[in-house]
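Student: pasting the structure only:
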C-alpha cells in the first residue's frame, strides 16, 4: 500500500488561537495532576491522528514532523497496525513471556534475526522501552564478559533509569540530584564533523576521536581487559542529530576486536528504517555485537528488544526478566510495522529523505540562522548559529522557530543545544515534505529578521 496521496483536507489547519479553549482546560488539569518532570515544548493537546496528521482537542490539524518522538514509524493509526492490534486484543492480551511461552515471542524474534545487522544466530530479549533495552544490554555486557567498565559518549542519550542514566551524557538536568549513579562508566568525545577543529581532515578526525579510547582512557583510566562494552549511537539523537562517521565506527570495531570488548549500538531512535536502512550502523559496514531498538518498532505500542549474537546472551534463568516485555498485542503491532516498513517504508525514507536534504542543502548559505544540515533518510538535523564563522549556537532562535512552526501547524522539536530535528513518519510524501519545508523556511526567515518572540505558553494557558 503506497503512502496516501495528499488531499486538500490533509494539510495543516489552525482553527483557534493556540492553545484553544479545550486545550487550556486540559493543560490546567495537567499542571495539577501530572508529574512536573515532563518536558513540553509547546501546548499541543493531541486528540487523534492518521498518517502524518495530528488533530488536537480543539480541531486544529498539524503535520507531525517528529512522529511522536520517532515512534509513529508507519504514521498514526496505520490501518494494518490497528487491525493487527484489534485482532490480537480479542485473542490474548497478556501471559508474561518471562514465565510462560506463546508463539508471538519467537515469531517476532525470527523476523528481527532476519534484519539484524550482524551475522547470526541471534537471541532476543524483550522490554517495554529503549531505556529497558539499554539496561538489559548493560547488565548482559557485564554478565557475559565478567568485566565492570563501560565506555559511553558525550552527548549520548540512552534513557533515564539508573543504569541507562549512567550512560546518558546529554543534559546536566537529566542527571541532577540523582547521584551516585551506577559506577564504572567513562564518557569520551563523540565526533561532530561540523565542529571539528579547523583544517582537519574529516576521516582522520573521526578516527582520532575513536582512538582517544586507546590513547587516553586505556592509558590513564581503565585497563582495557576490564572494559566490558563500548555503547554508542550510530546516529546520535538527543545530542544533536549527529550521524557517526563510518571511519569512527570502524575504528570502534577495531578497538573492540583487539581488546575483547563488546560493541553495543543504540538504535532506539535511529533503527527500524528511519535512516533508509533497517539500522543506522549499516551505513558504516560495521557489525555490532548487540543492538537495542524500541521507538518505531511497534508504531506506538510499548516494546523494545535487545538483539545479540546468540553466544553472548549466556545468562541463566532468573538473571533478568520483564513482566510486560514482549506483550502479545505489542508484538502484533511490531509484526505489522515490520511488514509496512519492509514493503514501503525503507524506500520511502530514502527517497523522501534525499528530497528533503536536496531542498535544504543550500540553507546554510542562504539562511542566516542555519549553520549546518545533516542526516540520513528521514533523520535530519538542522543546526542553528548566530554567526557562521564562530558557529556560536543559536539556541533561543531554534526554540523560536519550533514555536512559530507549531503556530503554523508543523510539529517539530529541538535536540542538542541548538539543533532542530526532522523525523516524520516513514510514510510521509514529498508533497507533504515540501509544504512543511516551505513553512519552516518562512519561520526561520521571520525569526532571523527579529520579528518573532517566543510566547509564554504558561500565560497563554
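Tutor: Arrived safely, thanks for sending. Remember, it's a predicted structure, so these values are computed and weren't measured experimentally.
Student: switch to C-alpha atoms for all contacts and neighbour counts from now on
Tutor: Noted.
Student: Let me see the ranges of the strands in the stretch 251-400 of the chain.
Tutor: 262-266, 290-293, 304-309, 370-376, 379-387, 392-393 (DSSP state E, counting those that start in this stretch).
Student: So which of those has the densest surroundings on average?
Tutor: Scoring these by mean neighbour count under mean count of other CA atoms under 10 Å gives strand 290-293 as the most buried, with a mean of 29.
Student: about what we covered before: the strands of the stretch 251-400 of the chain: which one's closest to residue 76?
Tutor: Smallest distance to residue 76 across the strands of the stretch 251-400 of the chain (CA to CA): 17.7 Å, for strand 379-387.
Student: angle of that closest one against strand 370-376?
Tutor: Between the direction of strand 379-387 and that of strand 370-376, the angle (axes from the mean of the first three to the mean of the last three CA atoms, to 10 degrees) works out to 170 degrees.
Student: tell me the average confidence for strand 379-387?
Tutor: When the per-residue pLDDT values of strand 379-387 are averaged, the result is 98.
Student: With residue 102 as the reference, name the closest of the strands of the stretch 251-400 of the chain.
Tutor: Comparing the strands of the stretch 251-400 of the chain against residue 102 with CA to CA, the closest turns out to be strand 304-309 (16.6 Å).
Student: so how far is that closest one from its chain's centroid?
Tutor: Computed by CA atoms, centre = their mean, to the nearest Å, the chain-centroid distance of strand 304-309 equals 17 Å.
Student: Report the inter-axis angle for it versus strand 262-266.
Tutor: Computed with the same axes, to 10 degrees, the direction of strand 304-309 lies at 150 degrees from that of strand 262-266.
Student: So that it lines up with my notes, have the first residue be 39 from now on.
Tutor: Yep, numbering from 39; the last one is strand 342-347 now.
Student: I'd like the average pLDDT over strand 342-347.
Tutor: Strand 342-347 comes out with an average pLDDT of 98.
Student: Over to stretch 156-166?
Tutor: When the per-residue pLDDT values of stretch 156-166 are averaged, the result is 98.
Student: Tell me the buried residues in that stretch?
Tutor: Buried residues in stretch 156-166, counted by 16 or more other CA atoms under 10 Å: 156, 160, 161, 162, 163, 164, 165, 166.
Student: Show me which of those residues is closest to residue 115.
Tutor: Each of the buried residues of stretch 156-166 was scored against residue 115 by CA to CA, and residue 166 proved nearest at 19.5 Å.
Student: picking that back up, would you mind giving the strands of the stretch 289-438 of the chain as TSV with distance to residue 57 added?
Tutor: As requested, those are arranged in TSV below (distance: least, CA to CA, whole Å):
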stretch	distance to residue 57
strand 300-304	36
strand 328-331	34
strand 342-347	33
strand 408-414	28
strand 417-425	26
strand 430-431	29
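Student: can you tell me which of the ones you listed comes nearest to residue 263?
Tutor: Smallest distance to residue 263 across these (CA to CA): 11.6 Å, for strand 300-304.
Student: Residue 458 is nearest to which of the strands of the stretch 289-438 of the chain?
Tutor: Go through the strands of the stretch 289-438 of the chain one by one with CA to CA and the one that ends up closest to residue 458 is strand 417-425, at 5.1 Å.
Student: which outside residues touch the closest one?
Tutor: Strand 417-425 is touched from outside by 278-280, 308, 312-313, 391, 395, 406-413, 429-433, 435-436, 456-461, with contacts defined as CA atoms under 8 Å, 6 or more residues apart in numbering.
Student: same question, stretch 105-119
Tutor: Contacting residues not belonging to stretch 105-119 are listed as 87-92, 307, 310, 312, 333-338, 370-371, 374-375, 378-379, 383, 461-466 [CA under 8 Å, 6+ apart].
Student: Repeat that for stretch 464-483.
Tutor: Outside of stretch 464-483, the residues that reach it under the criterion CA under 8 Å, 6+ apart are 41-44, 89-90, 101, 111-113, 311-312, 379, 382-384, 386-387, 390, 393-394, 405, 407, 416, 439, 442-443, 446, 448.
Student: repeat for stretch 280-297
Tutor: The contact list for stretch 280-297, computed with CA under 8 Å, 6+ apart, reads 229-230, 241, 244-245, 247-249, 252, 262-263, 267-268, 271-274, 299-301, 321-326, 412-414, 419.
Student: One more pass at 6 Å, please.
Tutor: Counting by CA atoms under 6 Å, 6 or more residues apart in numbering, the neighbours of stretch 280-297 from elsewhere in the structure are 244, 245, 248, 272, 273, 274, 322.
Student: Could you export the residues you listed as JSON lines, including distance to residue 127, secondary structure and neighbour count?
Tutor: Listed next are those as JSON lines, based on distance: CA to CA, whole Å; DSSP: H, G, I helix; E, B strand; the rest coil; neighbours: other CA atoms under 10 Å:
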{"residue": "244", "distance to residue 127": "48", "secondary structure": "helix", "neighbour count": "24"}
{"residue": "245", "distance to residue 127": "49", "secondary structure": "helix", "neighbour count": "19"}
{"residue": "248", "distance to residue 127": "47", "secondary structure": "helix", "neighbour count": "23"}
{"residue": "272", "distance to residue 127": "35", "secondary structure": "coil", "neighbour count": "27"}
{"residue": "273", "distance to residue 127": "35", "secondary structure": "strand", "neighbour count": "28"}
{"residue": "274", "distance to residue 127": "35", "secondary structure": "strand", "neighbour count": "27"}
{"residue": "322", "distance to residue 127": "40", "secondary structure": "helix", "neighbour count": "15"}
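Student: check which helix or strand covers the residue nearest to residue 95 when sequence neighbours are not counted.
Tutor: Closest residue to residue 95 apart from its sequence neighbours, by CA to CA, 6 or more residues apart in numbering: residue 85 at 5.1 Å. Element membership of residue 85, judged by DSSP states H and E, is strand 84-88.
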